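Asker: The amino acid sequence is not available; the structure is as follows:
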């Protein structure tokens with residue numbers, strides 16, 4: 001799979017339909033993701049057919065019309081034409097540590113989905129997440145991520161009882177957050193894995209809660225009743241929702257990495273005064289509302305020191321560690337690393 005991505009702008013015949021090379025590549029990616037999710041027992045087979053496939057010269061616009069391809073039938077057809085079968089990819093999670101900026105200790109991890117292709121290697125989330133969102137696969141993918149992240153955190157706690165206070169952070173997409181059965185699903189996963197709700201932190205973006213404020217308020221209330229913590233991810237890049245924050249039982253604001261990266265470039269200030277003022281404003285606002293703050297994308301010691309001076313509680317980024325597989329993350333915990 002993915003061979004079509006390197007084919008330039010030529011067109012290919014697939015299922016008797018003319019398709020742009022980029023559309024073929026994305027169709028392969030969708031199929032691979034479906035098959036992978038199915039092997040993880042989370043795939044819901046959709047009933048739609050490829051009857052909406054029409055000629056197009058723009059892959060992104062075209063691909064939106066190919067929702068719901070039946071994975072098994074599509075797999076059978078992949079041997080035709082220019083699309084070839086390959087070994088199945090594997091879904092896995094990587095874990096990036098979230099560090100207490102006061103003590104330098106690991107407070108938890110953020111679980112990040114990865115798709116490992118047998119030929120191409122790790123497929124960037126920027127490629128397979130949009131495909132999952134456009135095709136409806138984001139919901140079963142999100143369910144798998146939530147279950148696997150909870151299972152891994154409970155395994156760490158069972159191995160090392162002193163890790164009971166660690167939290168695992170899991171991102172929820174808009175579609176996943178607004179599922180009618182989200183609460184029941186979370187309850188079931190916590191029961192299956194044995195993880196206490198206090199060890200789970202769910203991350204949503206500003207745009208998600210602003211899509212349906214009334215429903216979001218009720219959902220967040222029910223999650224907090226289960227002692228599940230809630231974070232607003234990428235804060236500062238979405239809607240102007242400052243006036244709505246006090247309506248939601250939010251525990252954490254995560255400052256978007258774009259603000260942190262502008263705090264310094266190669267040790268030199270860049271738009272430094274304005275950036276520091278924005279970051280300070282976010283931290284002050286959060287603290288006034290009883291909310292703690294996590295800075296994303298910390299890459300330098302200078303950024304770390306400035307955030308500490310601003311009394312930011314937590315941080316994550318490559319300065320501490322890149323996202324790690326479960327084995328490497330276990331080693332990091334065992335090393336009791338401090339920064």
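Answerer: Arrived safely, thanks for sending. Nothing here was measured: the structure is a model prediction, and the numbers come from that model.
Asker: any idea of the mean pLDDT for stretch 226-238?
Answerer: In this model, stretch 226-238 has a mean pLDDT of 86.
Asker: neighbouring contacts of that stretch?
Answerer: Under the contact criterion CB atoms under 8 Å, 6 or more residues apart in numbering, stretch 226-238 has outside partners 167, 169, 171, 186-187, 190, 196-198, 200-207, 209-210, 220, 223-224, 245, 248-256, 258-259, 278, 282, 294, 296. For every residue, glycine as well, the C-beta is placed using N, CA and C.
Asker: Which of these fall in helices?
Answerer: 186-187, 190, 206-207, 209-210, 220, 223-224, 258-259, 278, 282 (DSSP state H).
Asker: which one among those gets closest to residue 303?
Answerer: Of all the ones in helices among the contacts of stretch 226-238, the one with the least separation from residue 303 (CB to CB) is residue 259, at 10.2 Å.
Asker: still on that earlier bit, can you select the buried ones from the contacts of stretch 226-238 in PyMOL?
Answerer: To isolate the buried ones among these in PyMOL, judged by 16 or more other CB atoms under 10 Å, type:
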select buried, resi 167+169+171+186+190+196+197+200+201+202+203+204+205+206+209+220+223+224+245+248+250+251+252+253+254+255+256+259+278+282+294+296
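Asker: Show the pLDDT at residue 51.
Answerer: 28.
Asker: Oops, could you answer that again for residue 221 instead?
Answerer: The confidence metric pLDDT takes the value 92 at residue 221.
Asker: same thing with residue 125?
Answerer: In the prediction, the pLDDT value recorded for residue 125 is 83.
Asker: Quick check: closest non-adjacent residue to it.
Answerer: residue 113 (6.5 Å; CB to CB, 6 or more residues apart in numbering).
Asker: Go through the helix or strand harbouring residue 303 and flag the buried ones.
Answerer: If you go by DSSP states H and E, residue 303 is part of helix 301-309. In terms of neighbour count (16+ other CB under 10 Å), helix 301-309 has its buried residues at 302, 303, 304, 306, 307.
Asker: what's the answer for stretch 171-191, then?
Answerer: Residues of stretch 171-191 classed as buried by neighbour count (16+ other CB under 10 Å): 171, 172, 173, 176, 177, 179, 182, 183, 185, 186, 189, 190.
Asker: Between the two ends of that stretch, how far is it?
Answerer: From its first residue to its last, stretch 171-191 covers 20 Å (CA to CA, to the nearest Å).
Asker: now do stretch 317-331
Answerer: Stretch 317-331 has an end-to-end distance of 18 Å (CA to CA).
Asker: Buried residues, that stretch. List them.
Answerer: Buried residues in stretch 317-331, counting neighbours by 16+ other CB under 10 Å, are found at 317, 319, 320, 321, 323, 324, 326, 329, 330.
Asker: The third one - nearest residue in space that isn't next to it in sequence?
Answerer: Just to be clear, that refers to residue 320. Closest to residue 320 by CB to CB, 6+ apart is residue 99, at 5.1 Å.
Asker: again with residue 338
Answerer: residue 104 is the one closest to residue 338 (CB to CB, 6+ apart), at 4.0 Å.
Asker: swap in residue 336?
Answerer: Distance criterion CB to CB, 6+ apart; nearest residue to residue 336, sequence neighbours excluded, is residue 105 at 8.0 Å.
Asker: Pull the number of nearby residues for the one you found.
Answerer: 15 (other CB atoms under 10 Å).
Asker: mind listing what it touches?
Answerer: Counted by CB under 8 Å, 6+ apart, residue 105 has contacts 99, 336, 338.
Asker: So the first one versus residue 334, what's the distance?
Answerer: Distance, residue 99 to residue 334, by CB to CB, to the nearest Å: 16 Å.
Asker: more crowded one of those two?
Answerer: Neighbours were counted for residue 99 and for residue 334 using other CB under 10 Å; residue 99 has more, 27 against 10.
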